[in-house]
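Engineer: I'll drop the sequence and a predicted model, then ask my questions.
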Amino acid sequence: MKKRIIITGGYGYIGAKLAIRLKKKYKVILIEHPKAVKPGFLKDEFQLIKTDITDEKKINKLKIKNIYAIIHLAAQSSGPKSFFVPREDINKNIIGTLNIINFCSSNNIKKFLFASSFVVYGKQEKNKFNEEMDSRPASIYAMSKNYCELLLKNYAENKGIKWNILRMFNVYGNDQNLNNPDVGLVGIFMNLIRQNDIIEVKGSLKRYRDLIHIDDVVEAWKLCLDKNYPNEIFNIASGKATTFSNIINSLIKIIKPNKNVQVIQKGITYGDLLGSLADTKKAKKLLNFEAKTNLKDGLIRMWLNEKKK
């Protein structure tokens, strides 16, 4: 009999992709907000529970037995947006996570995988971020993720819940929503380039990011779910740095190879970092995880998939 697991934020990009990946081995149950829209690429049918994780009374009414693990992905996930809607981060990210921890405690769910982000590192002296570094969050979103991590370490653990924190770096890949201006660095640039011949970029083009393909991301989550390394934090990344300039120029060559696309640096992005690059040794050692998707191939596949829509 398949073990039963829950994915919160199951209609989100990573949640839905993960559900598809895990359904062969696990009985997957999705928790989503009543107003959430099922993504078009999620063709499979899953047991769905519609509820608001910020509503403690509604969460307490859920009685689900024999759950092996919960994968908590539901969140407000935009750093820049968090400066303008900070209450949403506090409600969805912090209160929502607290409610899910209590839900796990009440329903004897002992394994908790949490979706965190590289942004908790903030500005560091070292070029590569490793899991032992102190957190220095520089945005409301980063602060909320950092607080959720503390809830797991100082609250959930005392309730007997074994947790893992997966700090994801910049995720991209097939079926990412290009129309969302707040989330998905590659998707945002891909959408701008396909619509315009003049691209305005907020912040320096010398900024760099660690990009990781969605296929690699879901594989990392599966490995963490399958293996037993409780109360550990893992960077989920490629371990390779790519500048904004290189990302944009690569996309221009793929999307508009015969056009002269102008790139203009303009303004800033609140709470943004100059660079983020992961030390991936720990994930490789304990999870046997290593990103396999070549960036150029991943970008081409993403664009060809988008053109089919």
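Structural biologist: Good, I have the coordinates. Numbers count the residues shown, from 1 in each chain.
Engineer: return stretch 3-10 as CSV; C-alpha atoms alone will do.
Structural biologist: Output in CSV follows, covering the C-alpha atoms of stretch 3-10 (Å, rounded to 0.1, in the frame of the first residue of the first chain):
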residue,chain,number,x,y,z
LYS,A,3,2.2,5.9,1.9
ARG,A,4,-0.1,8.9,2.1
ILE,A,5,1.4,12.4,1.8
ILE,A,6,0.0,15.9,1.8
ILE,A,7,1.2,18.8,-0.4
THR,A,8,0.1,22.3,0.6
GLY,A,9,0.1,24.7,-2.3
GLY,A,10,-0.6,21.8,-4.6
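Engineer: can you name the residues in contact with it?
Structural biologist: 15-16, 18-19, 22, 25-32, 46, 48, 53, 64, 66-75, 100, 109, 115, 225 (CB atoms under 8 Å, 6 or more residues apart in numbering). No exception for glycine: its C-beta is placed from N, CA and C like everyone else's.
Engineer: try 7 Å
Structural biologist: 15-16, 18-19, 22, 26-32, 46, 53, 66-75, 100 (CB atoms under 7 Å, 6 or more residues apart in numbering).
Engineer: now that stretch: average pLDDT?
Structural biologist: For stretch 3-10, mean pLDDT rounds to 97.
Engineer: what comes up buried for it?
Structural biologist: Judged by neighbour count using 16 or more other CB atoms under 10 Å, the buried positions of stretch 3-10 are 4-10.
Engineer: cool, stretch 140-159 as well?
Structural biologist: Across stretch 140-159, burial judged by 16+ other CB under 10 Å covers 140-149, 151-152, 156-157.
Engineer: end to end, how far does it reach?
Structural biologist: One end of stretch 140-159 to the other measures 27 Å (CA to CA, to the nearest Å).
Engineer: average model confidence for that stretch?
Structural biologist: Stretch 140-159 comes out at a mean pLDDT of 96.
Engineer: now find how far off-centre it is within its chain.
Structural biologist: Relative to its chain's centre, stretch 140-159 lies at 16 Å (CA atoms, centre = their mean, to the nearest Å).
Engineer: so what touches it?
Structural biologist: 76, 78-79, 82-83, 86, 89-90, 93-94, 97-98, 101, 105, 112, 114, 116-117, 119-120, 122, 135, 137, 163, 165, 231, 271.
Engineer: same deal with stretch 249-269?
Structural biologist: With CB under 7 Å, 6+ apart as the test, stretch 249-269 has contacts from 80, 189-190, 193-194, 197-205, 248, 296, 299-300, 303.
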